[in-house]
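Engineer: For reference, the sequence and a predicted model appear below.
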Amino acid sequence: MMWDGLFTDYTARVVIAGSAMIGAVSGALGCFAYLRRQSLIGDVVSHASLLGIVLAFWIGYLVSGEGNKSLWILVPGAIAAGVGSLLLTKLITGRTRIKEDAGLGLMLAVFFGTGMMLLRWLQRSRPPIPGRAGLEDYLFGMAAAITQDDLWMIALLAVVSFAALILCWSRLKILTFDPVYMAGIGLPVRRLEALMLCLLVVGIVIGLQIVGVVLTVALLIAPASAARQWTRHLGPMVTLGAAIGSISAASGALVSATFDHLPTGPCIVVILNAVFVVSLLFAPRRGLLYRRKKRFVN
Amino acid sequence: MVSEGLSHAVLPGLVTAFIILQDYDSPLLLIAAATSGLLMVWFTQLLQRTRMLYNDAILGIVFAGMFSVGILIVSSNLRNTHFHADCIIDGNLALAPLDRLIWHGVDLGPRAWNLMLGMFVVVVGFISICFKELKLMSFDQILARQFKLHPRFLQFMWLAIGSLTTVAAFEVAGSILIVALMIAPPAAAYLLTDNLARLLFIAAAIASVSAVGGFYLSAGLDVSPTGPIASFAGFVFLLVLAFAPKRGLIAVSIRQMRQRVAVSDCLVLDLVERQALSVDGLDDFAVKVCMPVRECQNALRRLQQRSWIEDRDGQYQLTSVGRNHLSDSLRGFGVEWAVAKT
């Protein structure tokens, strides 16, 4: 157990509150990504943001002469890299005959590869950059590294994205289910599409700290997939997705902090997948067991 | 993107086999990894058959789940061994030459080199034997079925060989590099040629160049070669994307600019011919052809320089050369120029 000594109660509270908030935001925004079939885009953005994180850290070091892993520096970098990878994909698929999934895979591999290269280089560079240890935790996530400073950043992102969700709720709903109709009644589809994409990027970037770039797609998609089995309405689905995301993230963070050196991301993902399997099997109406029973009765 | 999923999903099989066998060199490791990959395909199909989820979400859930299990096993049991969580992403290309294959006391070179040589022979053999069949299968499944080529079976073979290659390369190259080398070179080659055989050769050449170039880059930066190779492959792709002779961005935008000029010339010529244009009435004219005034002025200047139109007493009129050009180019657009004026 790490509670005694290394972890004061206060730190544990910060970590769990942070993870729960992150899980809620990712789970809620993931519902839209799931319904709009954009989980591959989520994967690409999360891998690409490694490059942004490393670059932001490096630039922060060059400017201030000191390595700073605060989310206030890393998150803007991650968002920029995520948006950049999407724009490049759009350029490639829009102006050449390369298909979308090849373009996405390409951007994923290239951004992630370059990010890894820079990460390894920073880790070995001489003289050593102070504070560079722990940068590699962004690969698989380390919830224990959340500080109170980061908590404010997470809270800010959470407030902004939930406010956007609530303010534009009905429009985002139409955009998700029937964009053609939306264009037909004269609403600004492209602008809302951009907003949705920004929200998606925020939903991904916020999860990087606890799940890491490699597995973030699961924190986005798994709560949505599980929530989808229980309900047929968007409102309950988003609420449920947020709940599943936040509970899984908090408990995953707890598990990983309890055992030594266990990266947080995989713990959370395994919990999420367990929730998903239970939902798939036992949910009323759509659940596999329910349908089997119904067939049997018939 | 399936190759991405596959490269992540081989991990649990690999590490489980390693824990059981405690032997890094056993060929069983490869088999376990391949089984793990197949397991992922099976899970994916199982979830697809429930028809409760979108396909892309299934892929995300299954591969992230399997990868997590692998990582958890690694970080709870194998902290101080050859496998390390970071190694999974990086591979250990730099150490590959140290791991020799020794057979009856004869040093046959690095083990990984032999393995990849074997894979190379298998892949090249398969492609050259089944080239025609594969070609037909990729372009026209229905015709392939009518010729009794068993496209299903071929596709299965193709997937099996693809996953074997992934598995074989995984140990050495880690999981990013595989995806980078499987996608970037073919995408670049696709911009360079329309011929399948040439496509294969160009892709292979680009991949080799990226591997070697990335390796030197990594030596320069003193880091493990995986990231640089992926990065280099992406760099080559970006170069091709910009400069490819027919489909590159520069070529495309030049072509589009030329077409734009040709079309606006034609429009202006046509309208000048149909409705007399006075030198002062440019704003009005621009509205009629739906072009910005600036572009209209440019077109008029261009046409005057080529003496396709001339200024007769403050009125623009087509010359005979201009008239010929207009009817020619309209015919080129597929329109017969009906207004015959003499």
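Structural biologist: Nice, I can see it.
Engineer: show me what contacts the residue nearest to residue A:220 when sequence neighbours are not counted?
Structural biologist: Excluding the flanking residues, the one nearest residue A:220 by C-beta to C-beta, 6 or more residues apart in numbering or on different chains is residue A:30, at 3.8 Å. Placement of C-beta: from N, CA and C, glycine included. The contact partners of residue A:30, taken as C-beta atoms under 8 Å, 6 or more residues apart in numbering or on different chains, are A:42, A:203, A:219-224, A:241, A:245.
Engineer: Mind checking which of those residues are in helices?
Structural biologist: Of the contacts of residue A:30, the ones assigned to helices by DSSP state H are A:42, A:203, A:219-224, A:241, A:245.
Engineer: low pLDDT regions in chain B?
Structural biologist: For chain B, the stretches flagged by pLDDT under 70 are B:1-4, B:23-26, B:78-109, B:171-172, B:276-280, B:333-342.
Engineer: ok, which stretches of it are strands?
Structural biologist: B:100-103, B:106-110, B:277-278, B:309-312, B:315-318 (DSSP state E).
Engineer: And the helices in chain A, which stretches?
Structural biologist: For chain A, the helices defined by DSSP H cover A:9-35, A:39-64, A:71-95, A:100-124, A:137-140, A:148-167, A:169-177, A:179-184, A:189-205, A:208-211, A:216-230, A:234-258, A:264-282, A:288-297.
Engineer: residues from the stretch 101-250 of chain A in reach of chain B?
Structural biologist: By C-beta under 8 Å from any C-beta of the partner chain, the residues of the stretch 101-250 of chain A that approach chain B are A:101-106, A:108-121, A:124, A:136, A:139-140, A:214-215, A:217-218, A:220-222, A:224-225, A:228-229.
Engineer: And the residue nearest the centre of the chain?
Structural biologist: Unless you meant another one, I'm taking chain A. Closest to where the C-alpha atoms of chain A average out (C-alpha atoms, centre = their mean) is residue A:204, at 2.7 Å.
Engineer: my bad, chain B
Structural biologist: residue B:187 (2.2 Å).
Engineer: The closest residue to chain B within chain A - how many residues pack around it?
Structural biologist: Chain A approaches chain B most closely through residue A:113 (2.4 Å), counting by C-beta to the nearest C-beta. Burial measure for residue A:113: 31 neighbouring residues, criterion other C-beta atoms under 10 Å in any protein chain shown.
Engineer: All the helices of chain B, residue numbers only.
Structural biologist: B:2-21, B:28-50, B:55-77, B:85-90, B:111-129, B:131-139, B:141-146, B:151-192, B:196-221, B:226-243, B:249-274, B:282-289, B:293-305, B:320-332.
Engineer: what's the angle from the second one to helix B:111-129?
Structural biologist: Relative orientation of helix B:28-50 and helix B:111-129, computed by axes from the mean of the first three to the mean of the last three C-alpha atoms, to 10 degrees: 50 degrees.
Engineer: Quick check: which of the helices of chain B is nearest to chain A?
Structural biologist: That would be helix B:226-243 among those, by C-beta to the nearest C-beta, at 2.4 Å.
Engineer: got the CA coordinates for the closest one in CSV?
Structural biologist: Provided in CSV are the C-alpha atoms of helix B:226-243 (Å, rounded to 0.1, in the frame of the first residue of the first chain):
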residue,chain,number,x,y,z
THR,B,226,11.7,3.2,-34.1
GLY,B,227,10.5,6.8,-33.7
PRO,B,228,12.9,8.2,-36.2
ILE,B,229,12.0,5.6,-38.8
ALA,B,230,8.3,6.3,-38.5
SER,B,231,9.1,10.0,-38.6
PHE,B,232,11.3,9.6,-41.7
ALA,B,233,8.6,7.6,-43.5
GLY,B,234,6.2,10.4,-42.8
PHE,B,235,8.7,13.0,-44.1
VAL,B,236,9.1,11.0,-47.3
PHE,B,237,5.3,10.9,-47.6
LEU,B,238,5.1,14.6,-47.1
LEU,B,239,7.7,15.2,-49.8
VAL,B,240,5.8,13.0,-52.2
LEU,B,241,2.6,14.7,-51.2
ALA,B,242,4.0,18.0,-52.2
PHE,B,243,6.0,17.2,-55.3
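Engineer: Output the contacting helices and strands for that helix.
Structural biologist: helix A:100-124, helix B:85-90, helix B:151-192, helix B:196-221, helix B:249-274 (3 or more C-beta pairs under 8 Å, 6 or more residues apart in numbering or on different chains; DSSP states H and E).
Engineer: Tell me which of those is the most buried.
Structural biologist: helix A:100-124 (a mean of 24; mean count of other C-beta atoms under 10 Å in any protein chain shown).
Engineer: quick check: angle from that helix to helix A:71-95?
Structural biologist: Per the same axes, to 10 degrees, the angle that helix A:100-124 makes with helix A:71-95 is 150 degrees.
Engineer: How far away from the center of its chain is helix A:100-124?
Structural biologist: Put simply, helix A:100-124 sits 18 Å off its chain's centre (C-alpha atoms, centre = their mean, to the nearest Å).
Engineer: pLDDT of that helix, averaged?
Structural biologist: Across helix A:100-124, the average pLDDT comes to 87.
Engineer: So what angle separates the directions of that helix and helix B:226-243?
Structural biologist: 130 degrees.
Engineer: my guess is residue B:192 contacts residue B:244, does it?
Structural biologist: Yes: between residue B:192 and residue B:244 there is a contact under C-beta atoms under 8 Å: 5.6 Å.
Engineer: Contacts made by stretch A:118-131 with the rest, please.
Structural biologist: Residues contacting stretch A:118-131 (C-beta under 8 Å, 6+ apart): A:50-51, A:54-55, A:57-58, A:61, A:66-69, A:132, A:135-136, B:90, B:221-224, B:227.
Engineer: one step back: do you know how far the residue of chain A closest to chain B is from residue A:235?
Structural biologist: Look at residue A:113 and residue A:235: by C-beta to C-beta, to the nearest Å, they are 40 Å apart.
Engineer: now swap in residue A:166 and tell me
Structural biologist: Following C-beta to C-beta, the distance that separates residue A:166 from residue A:235 is 11 Å.
Engineer: How about residue B:159: what's its closest non-neighbour residue?
Structural biologist: The shortest distance from residue B:159 to any non-neighbouring residue, by C-beta to C-beta, 6+ apart, is to residue B:41 (7.6 Å).
Engineer: can you pull the contacts of the one you found?
Structural biologist: For residue B:41, the contacting residues are B:6, B:159, B:163, by C-beta under 8 Å, 6+ apart.
Engineer: TSV for the residues you listed, including distance to residue B:48?
Structural biologist: Rendered in TSV, the data for these read as follows (distance: C-beta to C-beta, whole Å):
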residue	distance to residue B:48
B:6	16
B:159	15
B:163	18
